[in-house]
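Enquirer: only geometry, no sequence info:
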């Protein structure tokens with residue numbers, strides 16, 4: 001049953017440990033326990049928290065050329081990524097089961113020879129219950145991440161409402177937002193690497209458009225989180241801020257309940273009152289009574305797209 005009582009949510013504005021995914025998972029587990037001890041039931045971590053967001057790295061790839069140093073950088077990044085049957089996932093599962101929390105965790109997922117920017121859904125003692133792979137990596141991200149397909153756009157049901165995740169600039173894709181609204185999400189999660197001043201207005205618009213709570217989390221990350229030999233176009237001073245946060249929680253009226261914070265690693269908390277969702281939809285429901293299906297229709301292909309499929313086989 002979904003609760004109708006208010007509960008506390010949290011967005012985790014923390015630096016990942018991009019060179020050690022196990023240590024990063026242990027840090028995430030500690031943050032989950034800390035937030036839960038302060039009463040948080042739903043937690044959102046930033047984009048690429050496990051595996052790392054390689055801010056400022058070109059992977060040695062001018063147009064028409066891939067340098068050996070770039071291949072080395074990718075091989076390192078590939079090793080840092082996580083597998084969904086790996087120890088990192090088990091560490092997070094243990095923490096969510098222990099605390100009874102719902103967690104959305106940004107990660108770099110390794111599948112075969114390809115990496116995906118993924119959001120993982122953990123539901124208390126149920127463990128890992130779903131994932132969303134970023135549909136459209138932005139700009140240079142397309143060099144290092146594969147494209148998700150429609151099969152990982154399903155929202156998940158929890159005791160605190162239906163939760164969906166849309167990653168970073170996917171939030172600028174109107175049709176993806178509409179698909180998320182059509183699933184009845186009450187908690188819209190936006191893990192991101194966008195720390196610009198323009199991000200918060202976008203999140204407020206989505207909260208108002210979807211009549212849902214929006215939880216957006218971005219890392220507060222310094223250059224010193226990476227090894228000295230990490231290529232970074234922003235320089236090599238360990239104190240240089242690569243991502244400044246800006247995490248926030250917004251209610252269905254567009255009001256900012258927590259954040260944004262641009263100063264440090266922190267956890268932001270806000271009380272979530274589920275009744276605000278139906279109250280907001282009284283006069284606007286983007287995929288319901290305010291839609292005009294006689295004029296506009298959106299068709300969404302949620303099938304998995306595989307490069308190779310097999311049929312038949314040898315007789316026994």
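Expert: In hand now; what should we look at? These figures come from a predicted structure and were not determined experimentally. Numbering: from 1, shown residues only.

Enquirer: which helix in the protein runs the most residues?
Expert: helix 21-37 (DSSP state H).

Enquirer: what sits up against stretch 125-133?
Expert: For stretch 125-133, the surrounding residues in contact (Cβ atoms under 8 Å, 6 or more residues apart in numbering) are 84, 89, 92-93, 96-97, 100, 109, 116-123, 146-149, 152-154, 156, 164-167. In this view, the C-beta of every residue, glycine as well, is placed from N, C-alpha and C.

Enquirer: tell me which residues in that stretch are buried?
Expert: Neighbour counts over stretch 125-133 (16 or more other Cβ atoms under 10 Å) mark 128, 130-133 as buried.

Enquirer: mind giving me TSV with the residues you listed and columns for distance to residue 61, pLDDT and secondary structure?
Expert: Putting the buried residues of stretch 125-133 into TSV (distance: Cβ to Cβ, whole Å; pLDDT from 0 to 100; DSSP: H, G, I helix; E, B strand; the rest coil) gives the following:
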residue	distance to residue 61	pLDDT	secondary structure
128	33	97	strand
130	33	97	strand
131	27	97	strand
132	27	98	strand
133	22	97	strand
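
Enquirer: nearest to residue 44, out of these: which one, please.
Expert: Using Cβ to Cβ, residue 132 comes nearest to residue 44 of the buried residues of stretch 125-133, at 12.6 Å.

Enquirer: who's the closest one bridged to?
Expert: residue 119 (DSSP bridges).

Enquirer: now the end-to-end length of stretch 192-203.
Expert: Across stretch 192-203, the terminal residues are separated by 11 Å (Cα to Cα, to the nearest Å).

Enquirer: what's that stretch in contact with?
Expert: 46-48, 53, 55, 167-169, 171-172, 190, 214, 216-219, 243-246, 248, 250, 256, 259-260, 262.

Enquirer: which positions within the longest helix of the chain qualify as buried?
Expert: Residues of helix 21-37 classed as buried: 21, 24-29, 31-32, 35-36 (neighbour count, 16+ other Cβ under 10 Å).

Enquirer: and that helix, what's its mean pLDDT?
Expert: Averaging pLDDT along helix 21-37 yields 98.

Enquirer: for stretch 306-316, same thing?
Expert: On average, stretch 306-316 scores 81.

Enquirer: what of stretch 258-278?
Expert: Mean per-residue pLDDT for stretch 258-278: 96.

Enquirer: repeat that for stretch 61-78.
Expert: For stretch 61-78, mean pLDDT rounds to 92.
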